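Following is a predicted model, sequence given first.
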Amino acid sequence: MIPRADATSVEATAAAWFERREWSAWDASAEREFQAWLSASTAHRIAFIRLEAAWERADRLKALGAGIRAGQVPARGMFAIGSQAAAIEPSRADTLPSDTQSTRSDAHRRRRFGWPLAAAGSLAAVAILAWYVSTPHWQTLVTRVGSISPVKLSDGSRLMLDSNTRLRVAFDSHHRTVRLDQGDAVFAVAKDPTRPFTVEITDKRVVAVGTLFSVRRNEDEIQVLVQEGRVRVEDRSDPAGAPRTTELARGEEAETHRGEIALSHPGLQEIERQLSWRDGYLAFEETPLIEVVADFNRYLAKPIVIDDPSIESIRIGGRFRCTDPEAFLALLQEGFPVAVQREANRISLRRRS
Amino acid sequence: MLTGLDQWFATEILPHERLLLRYLLRVWRNSSDVPDLLQEVYVRVYESARTQLPRQPKPFLFATARNLMADQIRRRRIVSIDTAGRDTEYLNAMVDELSPERQLNAGQELHRLAVAFDSLSDRCREVIWFRRVEGLSQRETAERLGLTEEAIESQLARGMRALARAIFNADADGPGAPKIPKERRSHDSEG
């Protein structure tokens, strides 16, 4: 009826392209072929947009992964949520058009879910209640400006607290919970599958079973770096909805911007560089001066201040003791057009004229 | 990857797919044509949005669908005058009746996704889970499941299409949703 490839086969081709782009053998010529297909017809482009959008929204499936161990696919039928949809089932079969056989069998399946749905809901409520009733005993750990300290916890987990950090720890038989009030810490978590290890910051949670990762808090923004294993970052900012979760593997980083989580893949080398403070050092590679100064200031009672915005973007490389900025300041004066001025309670940096 | 226009299409047009499909199914005599009609409606909307974005995307979408069907009825000799006459009446009556739209809340959408996910084959579920939820690469997924990358591709393509259907056009309206008249349904199943 319409001079166009039929919609079903266009969709099938779009779906094939969608995943073929992930092939390890994908190269420039494959990309050209794909682009040619995409621009050959608006129908192609739309089919692709539609799958891309669906894939994006299928991100919500992650919410179902909470509490499931990595590498494990959940059992069929265990997702018993959203009982409101089950309540309207009986009239559905009548309203379905005749060609939606698959949808109809879904309807049957959904109806069978009615009960477990409600049951799961009330179980969750009980669990949450119990959690608040048995108020855990919090232990507080604090480091002063300029000091970096290792801590060993009762479960065998090892922490390294950065300068000016404050966190609270509460363990019970089901949970290992840490609240990071301020600062930065690296967590080498002892394996214990029965007690997930959770770092809480406002409405975000970083959940691990056994792994090596760090969490930094700056006001209400957080940064999570994963060196080994996997962690899950949960966003509970929507109290009514399920938590939005993001999975991080080794070499990955999650950062929040105004509470929204963004994922990136800096790689292990970059993460190690960022975590070199554990050994008492700050390491930089092509890092803008403004960031270098911010990193140093976490360790200094007398802060370094850039009084001339024109030098903020000077790129710095090198490795320095974090509590002793003298070597760094000397390098700045020798290697860059920067003048260092020591004042009573600050160190001022300006462009040298 | 997606352009601004693509994003606009994904957020302003695709969410109406469910309603649009119902509209097409009700009006059009032969339901097997409907997927192609839907495709053609999308193409027309997208191409016209390229020149100028419609100020009211939803009415524009349904007007495009109505015009397309009217064109088809005029052009196709196969459609009998009777059917065409009746369908033209439908064309005008339906759009109002279909609104107001029932927006799915987040919980319902998650529920539909979960149901769609569960309706996939075991293999397909594994592939979708590892790729989308655990974020493994295609190769890692292939290694874990002992499959070739080609096999992963075909499973994933199948799973994605099912999830896209669940997200954009699975029927999830409440009791107030308009019913498809019985005689129309028997009509459709002949075609």
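The structure has been received and is ready for your questions. Numbering: from 1, shown residues only, chains lettered A, B, ... in the order given.

Need the per-residue pLDDT for B:Leu37.
pLDDT recorded at B:Leu37 is 90.

For burial, what's the neighbour tally of it?
Applying other C-beta atoms under 10 Å in any protein chain shown, we find 24 residues neighbouring B:Leu37. From N, CA and C alone the C-beta is placed, and that goes for glycine too.

Pull the contacting residues for the closest residue in space to it that isn't next to it in sequence.
Spatial nearest neighbour of B:Leu37, excluding adjacent residues (C-beta to C-beta, 6 or more residues apart in numbering or on different chains): B:Leu24 at 5.3 Å. B:Leu24 sits next to B:34, B:37-38, B:41, B:65, B:69 when contact means C-beta atoms under 8 Å, 6 or more residues apart in numbering or on different chains.

what about 7 Å?
Going by C-beta atoms under 7 Å, 6 or more residues apart in numbering or on different chains, B:Leu24 touches B:34, B:37-38, B:65.

Keep only those of those that are in helices.
B:34, B:37-38, B:65 (DSSP state H).

between these, which is nearest A:Pro150?
B:Leu38 (62.0 Å; C-beta to C-beta).

Would you mind listing where the chain has pLDDT under the threshold?
Using chain A here. Along chain A, the parts satisfying pLDDT under 70 run over A:1-4, A:63-69, A:77-137.

To clarify, I was referring to chain B.
For chain B (pLDDT under 70), the answer is B:1, B:76-109, B:170-191.

A:Val151 and A:Leu141 touch, don't they?
Yes: applying C-beta atoms under 7 Å, one finds A:Val151 in contact with A:Leu141, separated by 5.9 Å.

Check the contact lists of the two and give me the overlap.
With C-beta under 7 Å, 6+ apart, A:Val151 and A:Leu141 have common neighbours A:Leu161.

Now do the SS call for the one residue in the stretch 151-300 of chain A that gets nearest to chain B.
Nearest residue of the stretch 151-300 of chain A to chain B: A:Gly241, at 5.0 Å (C-beta to the nearest C-beta). The three-state assignment at A:Gly241 reads coil, by DSSP: H, G, I helix; E, B strand; the rest coil.

Show residues contacting the longest strand along chain A.
Counting by DSSP state E, the longest strand found in chain A is strand A:176-188. Contacting residues not belonging to strand A:176-188 are listed as A:136, A:155, A:157-162, A:164-170, A:195, A:197-201, A:212-217, A:275, A:278 [C-beta under 7 Å, 6+ apart].

can I assume A:Leu263 is in contact with A:Gly251?
No: taking contacts as C-beta under 7 Å, A:Leu263 lies outside contact range of A:Gly251: 11.5 Å.

which of the two has more neighbours?
Comparing A:Leu263 with A:Gly251 by neighbour count (other C-beta under 10 Å), the higher total belongs to A:Gly251, at 17 against 14.

Look at A:Glu228 and say how many residues are nearby.
Burial of A:Glu228 is recorded as 16 neighbouring residues (other C-beta under 10 Å).

For it, what are phi and psi?
Here is the backbone geometry of A:Glu228 (degrees, to the nearest 10): phi -150, psi 150.

what sits against the residue nearest to it when sequence neighbours are not counted?
Spatial nearest neighbour of A:Glu228, excluding adjacent residues (C-beta to C-beta, 6+ apart): A:Leu212 at 4.0 Å. By C-beta under 7 Å, 6+ apart, A:Leu212 lies in contact with A:188, A:227-229.

rerun at 10 Å
A:158, A:186-189, A:225-229, A:231, A:250, A:271, A:275 (C-beta atoms under 10 Å, 6 or more residues apart in numbering or on different chains).

swap in A:Thr13?
By C-beta under 10 Å, 6+ apart, A:Thr13 lies in contact with A:5, A:37, A:44, A:47-48, B:157.

Filter these down to the buried ones.
Neighbour-count burial (16 or more other C-beta atoms under 10 Å in any protein chain shown) applied to those gives A:5, A:44, A:47-48, B:157.

still on that earlier bit, ok, so of the contacts of B:Leu24, who is nearest A:Leu331?
The closest of the contacts of B:Leu24, once distances to A:Leu331 are taken by C-beta to C-beta, is B:Leu38, at 65.0 Å.

The closest one and B:Arg22 touch, don't they?
No: B:Leu38 is beyond contact range of B:Arg22, at 11.1 Å (criterion: C-beta atoms under 10 Å).

still on that earlier bit, in PyMOL, select just the buried ones from the contacts of strand A:176-188.
Typed into PyMOL, the line below selects the buried ones among the contacts of strand A:176-188, using 16+ other C-beta under 10 Å:
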select buried, chain A and resi 157+159+160+161+162+164+165+166+167+168+169+195+197+198+199+200+201+212+213+214+215+216+217+275+278
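
What separation do you get for the residue nearest to A:Leu161 when sequence neighbours are not counted and chain B?
Counting by C-beta to C-beta, 6+ apart, A:Thr143 is the residue found nearest to A:Leu161 once chain neighbours are left out, at 4.6 Å. Computed with C-beta to the nearest C-beta, to the nearest Å, the distance linking A:Thr143 and chain B is 34 Å.

Report the contact partners of A:Thr143.
A:Thr143 sits next to A:149, A:151, A:160-167, A:183-185 when contact means C-beta under 10 Å, 6+ apart.

again, only using 8 Å
A:149, A:161-166, A:183.

circling back to that earlier point, which of the contacts of A:Thr13 fall within helices?
Going by DSSP H, the helices hold A:37, A:44, A:47-48, B:157 from the contacts of A:Thr13.

Closest one of the residues you listed to B:Glu17?
Of all these, A:Ala47 has the smallest distance to B:Glu17: 12.4 Å, by C-beta to C-beta.

just checking, that closest one touches A:Val10?
Yes: A:Ala47 is within contact range of A:Val10, at 4.9 Å (criterion: C-beta atoms under 8 Å).

can I get the contacts of A:Thr143 in CSV with distance to B:Thr148?
Formatted as CSV, these follow (distance: C-beta to C-beta, whole Å):
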residue, distance to B:Thr148
A:Ser149, 51
A:Leu161, 47
A:Asp162, 46
A:Ser163, 51
A:Asn164, 52
A:Thr165, 48
A:Arg166, 52
A:Gly183, 48
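
Filter those down to the ones in helices?
Per DSSP H, helices hold no members of these.

Could I get the buried residue list for stretch B:125-143?
Across stretch B:125-143, burial judged by 16+ other C-beta under 10 Å covers B:125-136, B:138, B:140-142.

of all the contacts of A:Thr13, which comes closest to A:Glu19?
Nearest to A:Glu19 out of those is B:Ala157 (C-beta to C-beta; 5.7 Å).

just to revisit the earlier point, between the contacts of B:Leu24, which sits nearest chain A?
The closest of the contacts of B:Leu24 to chain A turns out to be B:Leu38 (C-beta to the nearest C-beta; 6.5 Å).

and the closest one, what does it touch?
Counting by C-beta under 8 Å, 6+ apart, B:Leu38 touches A:7, B:17, B:20-21, B:24.

most surrounded residue in these?
That'd be B:Leu20 among those, by other C-beta under 10 Å, with 24 neighbours.

Give me the secondary structure label for that one.
B:Leu20 ends up helix, using three-state DSSP.

Over to A:Ala14?
Here A:Ala14 takes the helix state, with states given by three-state DSSP.

distance of it from B:Gln39?
Distance from A:Ala14 to B:Gln39, counting by C-beta to C-beta, to the nearest Å: 11 Å.

quick one: the helices in the chain?
All of this refers to chain A. For chain A, helices defined by DSSP H occupy the ranges A:7-20, A:28-40, A:42-57, A:61-64, A:83-86, A:92-95, A:101-112, A:114-133, A:268-274, A:289-297, A:326-335.

meant chain B actually
Under the criterion DSSP H, chain B contains helices at B:4-8, B:17-27, B:34-51, B:57-75, B:81-98, B:106-118, B:122-128, B:138-145, B:149-168, B:182-190.
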